[in-house]
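> Fold the following.
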Amino acid sequence: MLRQATESVREPIVRNLPTLAIRKEDVRAIIFDLDRTLIKSHRGFDKALSEVANFLTQYFKRQGHIISRAKIYATLRSIAKLFESHGLYNRDEWWIILLRKLGLSHLSGKWVHEVTLLYWRAYIAASPPYPDAEYTLRTLRKRVYRLALVTDTDGTPGMKRKRVRELPFYDLFETVVVAGEDTPKIKPSKMPFTLVARRLRLSPKNCVYVGDNPKADVKGAKAVRMQTILVKRRRSKAERPTLVIKSLSQLLRIFKGIDG
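Numbering: from 1, shown residues only. Purely as a prediction, here's the structure:
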């Protein structure tokens, strides 16, 4: 399976790739973000919200409240956008706010957490790795780079670690830091980046962080003086990384090996 999946991602020819900005000789560890960096979590997000909207439409109907699925879905998206922008990831709270906005706070109860579990099941099922993710990681590991993961909590204790353990390349990570659970603060706090370097017993200057979010990923890693690589997955402004790439496989053109 892996051999077939990687035939199309073997070290692509990348023209005019500005690698000189990266101090390759200093790099001993490559640390990754998870969502929208290694996996297509935007698809999982859309699918999960859709499943929740379907469930709630029917649930409200059984309780005697007819509310259109379109209205529920649109309200959920606005809540998600607001909460995620403030680093508030506890989905239980999202549904409680939805009930309040719809004038249905009296329906709140233990069932709310069951909706969160439904959400995460749908999210996980619809968030596959990017096609070049596994081959890139396994090749970097063969080239003697140490690999690690720094990712924010999902708001439900233990859920992010569960998602990470289900990755087909989980075995490649020497350590996993879940910011907001392993540290008091989420990214872009310095805490998770400092912790991962300490676990690896490396100076931050010997680490490069790869992520897709300029604010959370680039700002936080730069604050502890890690080199930063932004995978351009979305339109965004703000912090400038050391390097911008368009796909994970481009990393193989940059990092040829510790002794290379």
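> Next, the buried residues of stretch 200-213.
200, 202, 204, 206, 207, 208, 209, 210, 211, 212, 213 (16 or more other CB atoms under 10 Å). Yep, even glycine has a C-beta here, placed from its N, CA and C like the rest.
> Now secondary structure too, for those residues, in JSON lines please.
Formatted as JSON lines, these follow (DSSP: H, G, I helix; E, B strand; the rest coil):
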{"residue": "200", "secondary structure": "helix"}
{"residue": "202", "secondary structure": "coil"}
{"residue": "204", "secondary structure": "helix"}
{"residue": "206", "secondary structure": "helix"}
{"residue": "207", "secondary structure": "strand"}
{"residue": "208", "secondary structure": "strand"}
{"residue": "209", "secondary structure": "strand"}
{"residue": "210", "secondary structure": "strand"}
{"residue": "211", "secondary structure": "strand"}
{"residue": "212", "secondary structure": "coil"}
{"residue": "213", "secondary structure": "coil"}
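> and which of those is nearest residue 43?
Residue 43 has its nearest neighbour among the buried residues of stretch 200-213 in residue 212, at 14.0 Å by CB to CB.
> For this structure, which segments are assigned as strands?
Secondary structure of the chain (DSSP state E): strands at 29-32, 146-152, 175-179, 207-211, 227-231, 243-245.
> How far off centre is the third one?
Right, the one you point to is strand 175-179. For strand 175-179, the separation from the chain centroid amounts to 12 Å (computed by CA atoms, centre = their mean, to the nearest Å).
> low-scoring stretches of the chain, by residue?
1-20, 236-239, 258-260 (pLDDT under 70).
> List the contacts of the lengthiest helix in it.
The longest helix of the chain (DSSP state H) is helix 41-62. Under the contact criterion CB atoms under 8 Å, 6 or more residues apart in numbering, helix 41-62 has outside partners 34-36, 66-69, 72-73, 76-77, 80, 95, 98, 102, 104, 107, 111, 115, 118-120, 122-128.
> go with 7 Å
35-36, 67, 69, 72-73, 76-77, 80, 104, 115, 118-119, 122-124, 126-127 (CB atoms under 7 Å, 6 or more residues apart in numbering).
> Filter the residues you listed down to the buried ones.
Counted by 16+ other CB under 10 Å, the contacts of helix 41-62 give 35-36, 72-73, 76, 80, 115, 118-119, 122-124, 126-127 as buried.
> The residues you listed: which two are farthest apart?
Pairwise over the buried ones among the contacts of helix 41-62, using CB to CB, the maximum falls at 36 and 72, 24.9 Å.
> didn't residue 107 look like it was pressed against residue 63?
Yes - applying CB atoms under 7 Å, one finds residue 107 in contact with residue 63, separated by 6.2 Å.
> Looking at those two, which one has more neighbours?
residue 107 (16 against 10; other CB atoms under 10 Å).
> so what's the more buried one up against?
63, 99.
> And for residue 96?
Neighbour list for residue 96: 108, 112 [criterion: CB under 7 Å, 6+ apart].
> hmm, back to that, in helices, which of the contacts of helix 41-62 appear?
Checking the contacts of helix 41-62 against DSSP H, those in helices are 69, 72, 73, 76, 77, 80, 115, 118, 119, 122, 123, 124.
> The last one and residue 43, how far apart?
Read that as residue 124. Relative to residue 43, residue 124 is positioned 11 Å away (CB to CB, to the nearest Å).
> domain parsing for the protein?
Following automatic domain parsing, one finds the domains of the chain at 2-39+130-254, 42-125.
> Can you say which of these is packed in most?
Most buried of the domains of the chain, by mean neighbour count (mean count of other CB atoms under 10 Å): domain 2-39+130-254, with a mean of 18.
> if we can go back for a sec, with distance to residue 58 added, can I get the strands of the chain in TSV?
Converted to TSV, those look like this (distance: least, CB to CB, whole Å):
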stretch	distance to residue 58
strand 29-32	39
strand 146-152	31
strand 175-179	33
strand 207-211	38
strand 227-231	38
strand 243-245	44
